[in-house]
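Enquirer: sequence and predicted structure below; questions after.
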Amino acid sequence: MPGDSLSPGRSSQARRAEANARRFLQPGDPRLASTSERWQLLVRGLVQGVGYRAACCSRARELGLGGWVRNRPDGSVEVQAEGPTSDLAELRLWCERGPAAAQVAGVAVTTLGSTGQDWFEIHA
């Protein structure tokens, strides 16, 4: 039958489409979520009143991270950043130094659940 001769071609195309779907990440693919993490960084030391938040925001944006930075009442700075692990590690290294006027005493890191936030901002 004429329809039967087309079946092998269609199934071959369907197999190729399935293989490509497995090969390339699509929105909603659980493998995509595993490539992104969210970290909370608590930065202690002389980190308020020295331009830390603005400089941190600028660095996070350069790295393409999502999240926010804010001063805390105890004198520390809190950063929540989301993105690829390698970029988060780069931000952590920056946070350990901070801007020139900062005197960072330490950075504590906690892993949080990803939210999908793709912009970075300063919170009051």
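Expert: That came through, no problem.

Enquirer: go ahead and flag the most central residue of this structure.
Expert: The residue lying closest to the centre of the chain (C-alpha atoms, centre = their mean) is residue 83, at 1.1 Å.

Enquirer: beta partners of that one?
Expert: On the basis of DSSP bridges, residue 83 is bridged to residue 37.

Enquirer: kindly state the pLDDT recorded for it?
Expert: Looking at residue 83, its pLDDT is 96.

Enquirer: could you do residue 4 as well?
Expert: Value for residue 4, per-residue pLDDT: 47.

Enquirer: so, low pLDDT: which residues of the chain?
Expert: 1-10, 16-34 (pLDDT under 70).

Enquirer: tell me the domain ranges of the protein?
Expert: 1-34, 36-122 (automatic domain parsing).

Enquirer: and the strands in the protein?
Expert: Along the chain, counting by DSSP state E, strands occupy 37-46, 66-71, 77-83, 103-112, 120-122.

Enquirer: distance to residue 57 for these - can I get that in JSON lines?
Expert: For the C-beta atoms, the positions are set from N, CA and C on the backbone; glycine is no exception. Shown next, in JSON lines, are the strands of the chain (distance: least, C-beta to C-beta, whole Å):
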{"stretch": "strand 37-46", "distance to residue 57": "13"}
{"stretch": "strand 66-71", "distance to residue 57": "6"}
{"stretch": "strand 77-83", "distance to residue 57": "9"}
{"stretch": "strand 103-112", "distance to residue 57": "16"}
{"stretch": "strand 120-122", "distance to residue 57": "5"}
